[in-house]
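Asker: Prediction below, plus the sequence it came from.
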Amino acid sequence: MAHARSRTMTGNLPSRTGYLKEFKGKSMEPFYMLKTQHNSVWMNDYVPFPFFGKFNKTLEEELQAVIDHKKSVDEAAAALEIKGQELLTKLQEEAKQKTKGKS
């Protein structure tokens, strides 16, 4: 499998099954029959997906402040906790409003 993955740009199995029917005499068909699961370390039922992209900007700003010696690590961590919680609460409320509007 590692050898098959090395032949692709992303390291995943090729999406065109015609190109890799067998590998070292073994059929690859069973691997293509599996249903994918889109679980990720980043997925959490309590954290709306847009949180990560939006929080990343805040994280970069706080890290840059530490690098520039404008804030200590503790100050940046405290600011991240506050801003992150505010963002999370806001996004959770928006998600609740969307689900109320659909029902």
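Answerer: Sure thing, it's come through.

Asker: Is residue 79 in contact with residue 62, as I believe?
Answerer: Yes. Shown here, residue 79 and residue 62 form a contact pair, counting by C-beta atoms under 8 Å, at 5.7 Å. C-beta here means a position set from N, CA and C on the backbone, and glycine is covered the same way.

Asker: what about the two, which has more around it?
Answerer: Counted by other C-beta atoms under 10 Å, residue 79 and residue 62 do not tie: residue 62 has more neighbours, with 21 against 15.

Asker: Please name the nearest non-neighbouring residue to the more buried one.
Answerer: Of all residues beyond its chain neighbours, the one nearest residue 62 is residue 76 (4.2 Å), with distances taken as C-beta to C-beta, 6 or more residues apart in numbering.

Asker: Enumerate every residue touching the one you found.
Answerer: By C-beta atoms under 8 Å, 6 or more residues apart in numbering, residue 76 lies in contact with 62-63, 65-66.

Asker: mind putting those residues in JSON lines, distance to residue 26 and pLDDT included?
Answerer: Formatted as JSON lines, those follow (distance: C-beta to C-beta, whole Å; pLDDT from 0 to 100):
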{"residue": "62", "distance to residue 26": "50", "pLDDT": "97"}
{"residue": "63", "distance to residue 26": "46", "pLDDT": "97"}
{"residue": "65", "distance to residue 26": "54", "pLDDT": "97"}
{"residue": "66", "distance to residue 26": "51", "pLDDT": "97"}
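
Asker: Just the buried ones among the residues you listed, please.
Answerer: With burial judged by 16 or more other C-beta atoms under 10 Å, the buried subset of the contacts of residue 76 is residue 62.

Asker: if we can go back for a sec, hey, what's in contact with both of residue 79 and residue 62?
Answerer: Common contacts of residue 79 and residue 62, defined by C-beta under 8 Å, 6+ apart, comprise residue 71.

Asker: From the contacts of residue 76, which land in helices?
Answerer: Using DSSP state H, the subset of those located in helices is 62-63, 65-66.

Asker: Lowest mean pLDDT among the helices and strands of this structure, which one is it?
Answerer: helix 2-6 (a mean of 49; mean pLDDT, DSSP states H and E).

Asker: List the buried residues in the top helix by length along the chain.
Answerer: Scanning the chain for the longest helix, with DSSP H as the assignment, gives helix 73-102. Of the residues in helix 73-102, 76, 80, 83-84, 87-88, 91 count as buried by neighbour count, 16+ other C-beta under 10 Å.
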